[in-house]
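Participant: show me how the following folds:
(2 chains)
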Amino acid sequence: GNSVTQMEGPVTLSEEAFLTINCTYTATGYPSLFWYVQYPGEGLQLLLKATKADDKGSNKGFEATYRKETTSFHLEKGSVQVSDSAVYFCARSPRAGNMLTFGGGTRLMVKP
Amino acid sequence: NAGVTQTPKFQVLKTGQSMTLQCAQDMNHNSMYWYRQDPGMGLRLIYYSASEGTTDKGEVPNGYNVSRLNKREFSLRLESAAPSQTSVYFCASSVDNYEQFFGPGTRLTVL
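Facilitator: Presented below is the predicted three-dimensional model:
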């Protein structure tokens, strides 16, 4: 079936450190890939997305590249801020539909 | 625009009680969804509605029922709550194959 696996957290970084959160997905069909962010006490917000191989999604300094050969969609940011502290979810959906399958979420904590 | 709204924000039930979680969106979206969020498991789809008048089961539908009352509203009902249904519930909506927009969630505790 369809699944998404992401690294368990929490991930604790100092401000301005480099961030990587790993995500891999099952390659059934040609899925679209997403990163969602959940700030404390809020619902999920779309952070970025990519719809085909080699696409790079980017937003707010975050980037992720759709890697078909490694079935990965790792989230990166060059310099994290305290305000980036949140839970990050990787997700996939089928190309011809909008049914999201989520990974388990990774909590990021950024210390000043 | 309020986006996706959910009521209530918090609820405590006793085992066997029933309740309905309400969701409304003002973005004229066709599709609406109910998810539950449990620690370490991400979000799992309970039910979804691709259009007014249609509903379909998701990954974890047992113990729940839904009603797509009109294009704006999609409710989730627990007929006989169980402790295993303690969770945070999120409603979302989308225009077909595009981005899903999420509500703020309902935190439900079943004692």
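Participant: contacts only, for A:Val82.
Facilitator: Counting by CB atoms under 8 Å, 6 or more residues apart in numbering or on different chains, A:Val82 makes contact with A:15, A:110-112. (C-beta placed from N, C-alpha, C; glycine too.)
Participant: wasn't A:Gly57 part of a strand?
Facilitator: Yes. Under DSSP: H, G, I helix; E, B strand; the rest coil, A:Gly57 falls within a strand.
Participant: the strands in chain A, which residues?
Facilitator: Using DSSP state E, the strands of chain A run over residues A:4-6, A:11-14, A:19-21, A:23-25, A:32-38, A:44-50, A:56-59, A:62-65, A:75-77, A:86-93, A:101-102, A:106-111.
Participant: by neighbour count, which of the contacts of A:Val82 wins?
Facilitator: Neighbour counts for the contacts of A:Val82 peak at A:Val110, which has 19 neighbours (criterion: other CB atoms under 10 Å in any protein chain shown).
Participant: got the confidence number for it?
Facilitator: At A:Val110, the model reports a pLDDT of 97.
Participant: chain neighbours aside, what residue packs nearest to residue 10?
Facilitator: Assuming you mean chain A. A:Arg107 (4.1 Å; CB to CB, 6 or more residues apart in numbering or on different chains).
Participant: actually, chain B is the one I wanted.
Facilitator: What sits nearest to B:Phe10 in space, not counting adjacent residues and going by CB to CB, 6+ apart, is B:Arg107, at 5.0 Å.
Participant: from what I see, the one you found and B:Lys9 are in contact.
Facilitator: Yes. Using CB atoms under 8 Å, B:Arg107 makes contact with B:Lys9 at a distance of 7.0 Å.
Participant: chain center to stretch A:82-91: distance?
Facilitator: 8 Å (CA atoms, centre = their mean, to the nearest Å).
Participant: just checking, which helix or strand of chain B averages the lowest pLDDT?
Facilitator: Taking mean pLDDT, DSSP states H and E as the measure, strand B:100-102 is the helix or strand of chain B with the lowest mean score, a mean of 91.
Participant: if we can go back for a sec, B:Arg107 and B:Lys9: which is more packed in?
Facilitator: More neighbours surround B:Arg107 than the other of B:Arg107 and B:Lys9, with 15 against 10 (other CB under 10 Å).
Participant: what about A:Ala17, how many neighbours?
Facilitator: 14.
Participant: quick one: contacts for the closest residue to it other than its chain neighbours?
Facilitator: Among residues not flanking A:Ala17 along the chain, A:Val80 sits closest, at 5.8 Å (CB to CB, 6+ apart). Residues counted as contacts of A:Val80 (CB under 8 Å, 6+ apart) are A:13, A:15-19, A:108, A:110.
Participant: now, which of the residues you listed sits nearest chain B?
Facilitator: Nearest to chain B among the contacts of A:Val80 is A:Leu108, at 15.3 Å by CB to the nearest CB.
Participant: may I have the distance across stretch B:92-109, first residue to last?
Facilitator: With CA to CA, to the nearest Å applied, stretch B:92-109 spans 21 Å between its terminal residues.
Participant: can you check the pLDDT for B:Ser75?
Facilitator: pLDDT at B:Ser75 comes out at 97.
Participant: actually A:Glu8, not the one I wrote
Facilitator: Confidence score, pLDDT, at A:Glu8: 84.
Participant: before we move on, back to that, ok, which of the contacts of A:Val82 also contact chain B?
Facilitator: When CB under 8 Å from any CB of the partner chain is applied, no member of the contacts of A:Val82 is adjacent to chain B.
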